[in-house]
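Asks: quick one: sequence and predicted model below, then my questions.
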Amino acid sequence: MRNVLLTTAAFVTQTAASAASATEPLSPTNIFAPISTPADAIFELALFVLAVTAAIFVIVFGLMVYAVVRFRRRKNDDGSEPPQVYGSNEVELAWTIIPVLIVLALFLATARVIASVQHPPKPPDALDVVVIGHQYWWEFRYPAFGVVTANELHVPVSDPAHPTPTFLTLLSADTDHSFWVPRLAGKTDLIPNHPNSMWIDPRETGVFLGQCAQYCGTQHAKMLLRVYVDSREDFQRWIAAQRGPVQVDDAVARGRQVFESTACVNCHAVGGTTAQGRFGPDLTHFASRETLAAGAAPITPENLRLWIRNPDAIKPGSLMPAMNLSDEDVNAVADYLESLR
């Protein structure tokens with residue numbers, strides 16, 4: 001319920017900003033354009049709550065204006081008090097029963113949304129993904145395919161006629177995090193030693209942005225993520241590519257040698273090599289991603305070299321240390337990483 005109420009509050013606070021940007025291209029984080037059933041249910045609940053509270057405001061404010069105008073002091077008043085009425089069963093019943101009915105309606109509407117979001121039916125062909133929050137990046141595991149990636153979640157589009165939702169198991173490797181992709185679902189927390197879950201069924205392909213919505217430390221603001229909603233065919237091609245072996249040619253052999261002979265292997269894993277670290281992101285198919293440092297910067301030759309040389313230049317407070325490599329070794333490692341497709 002906390003997640004639904006937080007998202008409802010976010011709906012109200014973003015109304016003015018949305019109106020101001022109505023003519024701009026649709027934002028990939030726009031909560032007013034849900035494309036997944038959980039986000040759509042929360043959006044409709046927010047509209048209902050807003051309509052009820054707006055009606056209450058209009059009625060109460062209207063009665064106040066009426067009272068001020070109707071019973072204002074006039075020049076010909078003799079100064080005596082109007083007749084005093086002590087107690088009214090009708091008024092007391094009205095101000096008791098009407099608020100109770102309003103609260104009951106809001107309670108039932110919220111309970112229905114919570115039940116539909118937290119306890120959906122799970123079709124046999126649903127996709128399961130394990131999401132692990134780290135300071136300060138996301139790990140995504142596809143148990144059915146043996147695929148591990150980071151910061152960029154790929155899921156298939158869901159056909160409304162034959163829904164194929166994606167169910168996410170949420171875990172934390174360290175402290176509290178919160179998974180939030182506004183156009184796909186509400187916020188759901190990742191609590192250490194307490195598995196949580198959520199689901200999405202995106203009805204459109206595209207890239208949808210999200211991030212950690214729970215303060216988790218220095219780089220909380222840059223713990224970003226991207227959800228790529230692919231067609232069924234594109235998703236299967238992506239899975240096949242991620243399951244395939246990494247082809248490394250002789251041109252980047254030196255970079256691989258430098259990578260495997262430094263502390264990089266203590267934190268990162270690359271399939272088919274001696275690098276089996278689990279503290280940092282899996283780099284097996286690193287070059288197939290579009291961003292580095294949990295979405296803090298696009299992958300370009302310049303950014304990659306800067307990231308290897310001095311991570312704090314891109315992400316101050318990053319837990320990735322500067323390895324103090326020579327320029328030649330930095331270039332070699334960058335070339336090696338760019339070959340991991």
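Replies: Okay, I see it. On a predicted model such as this, the values are computed, not experimentally measured, just so you know.
Asks: what about the helices in the stretch 151-300 of the chain?
Replies: Per DSSP state H, counting those that start in this stretch, the stretch 151-300 of the chain carries helices over the ranges 232-243, 253-260, 264-267.
Asks: which residue packs closest to residue 299, ignoring adjacent ones?
Replies: Using Cβ to Cβ, 6 or more residues apart in numbering and skipping residues adjacent in sequence, the residue nearest residue 299 is residue 292, 5.2 Å away. Any C-beta I mention is one placed from the backbone N, CA and C, and that applies to glycine too.
Asks: check contacts around the one you found.
Replies: 298-299, 303-304, 307, 314 (Cβ atoms under 8 Å, 6 or more residues apart in numbering).
Asks: show the average pLDDT along the helix ranked longest in the chain.
Replies: If you go by DSSP state H, the chain has its longest helix at helix 37-70. Regarding helix 37-70, the rounded mean pLDDT is 95.
Asks: packing partners for that helix?
Replies: Helix 37-70 makes packing contacts with helix 2-13, helix 89-118, strand 196-200 when contacts are defined by 3 or more Cβ pairs under 8 Å, 6 or more residues apart in numbering; DSSP states H and E.
Asks: quick one: buried residues of that helix?
Replies: The neighbour-count check on helix 37-70 (16 or more other Cβ atoms under 10 Å) flags 37-43, 45-46, 48-49 as buried.
Asks: re the thing from before, can you list the helices and strands packed on helix 37-70 in CSV and add mean pLDDT?
Replies: Shown next, in CSV, are the helices and strands packed on helix 37-70 (pLDDT from 0 to 100):
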stretch, mean pLDDT
helix 2-13, 41
helix 89-118, 94
strand 196-200, 96
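Asks: save those as TSV, and put in distance to residue 190 and mean neighbour count too.
Replies: Below are those laid out as TSV (distance: least, Cβ to Cβ, whole Å; neighbours: other Cβ atoms under 10 Å):
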stretch	distance to residue 190	mean neighbour count
helix 2-13	12	16
helix 89-118	16	12
strand 196-200	6	20
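Asks: among the helices of the stretch 151-300 of the chain, which is the most enclosed?
Replies: With neighbours taken as mean count of other Cβ atoms under 10 Å, those reach their highest mean count in helix 253-260, at a mean of 18.
Asks: and for that helix, what are the contacting residues?
Replies: Against helix 253-260 from outside (Cβ under 8 Å, 6+ apart): 248, 265, 270, 273-275, 325, 329, 332-337, 339.
Asks: mind listing what residue 263 touches?
Replies: 321, 323.
Asks: can you rerun that using 10 Å?
Replies: Neighbour list for residue 263: 277, 321, 323 [criterion: Cβ atoms under 10 Å, 6 or more residues apart in numbering].
Asks: that one and residue 147, how far apart?
Replies: Residue 263 sits 26 Å away from residue 147, taking Cβ to Cβ, to the nearest Å as the criterion.
Asks: Serialize the helices of the stretch 151-300 of the chain to JSON lines and add fields for mean pLDDT and distance to residue 218.
Replies: Output for those, formatted as JSON lines (pLDDT from 0 to 100; distance: least, Cβ to Cβ, whole Å):
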{"stretch": "helix 232-243", "mean pLDDT": "95", "distance to residue 218": "31"}
{"stretch": "helix 253-260", "mean pLDDT": "91", "distance to residue 218": "26"}
{"stretch": "helix 264-267", "mean pLDDT": "91", "distance to residue 218": "18"}
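Asks: mind putting those helices into a markdown table with distance to residue 90?
Replies: Putting the helices of the stretch 151-300 of the chain into a markdown table (distance: least, Cβ to Cβ, whole Å) gives the following:
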| stretch | distance to residue 90 |
| --- | --- |
| helix 232-243 | 62 |
| helix 253-260 | 81 |
| helix 264-267 | 72 |
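Asks: closest one to residue 209 among those?
Replies: Of all the helices of the stretch 151-300 of the chain, helix 232-243 sits nearest to residue 209, with 18.5 Å by Cβ to Cβ.
Asks: which strands or helices does that closest one pack on?
Replies: On a contact count with 3 or more Cβ pairs under 10 Å, 6 or more residues apart in numbering; DSSP states H and E, helix 232-243 meets strand 137-142, strand 147-150, strand 152-156, strand 224-230.
Asks: hmm, 8 Å instead?
Replies: Using 3+ Cβ pairs under 8 Å, 6+ apart, helix 232-243 is in contact with strand 147-150, strand 152-156.
Asks: would JSON lines of those strands with distance to residue 175 and mean pLDDT be doable?
Replies: Putting the helices and strands packed on helix 232-243 into JSON lines (distance: least, Cβ to Cβ, whole Å; pLDDT from 0 to 100) gives the following:
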{"stretch": "strand 147-150", "distance to residue 175": "18", "mean pLDDT": "96"}
{"stretch": "strand 152-156", "distance to residue 175": "21", "mean pLDDT": "97"}
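Asks: could you turn the buried ones of the contacts of residue 292 into a PyMOL selection?
Replies: Buried residues among the contacts of residue 292 (16+ other Cβ under 10 Å), as a PyMOL selection:
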select buried, resi 299+303+304+307+314
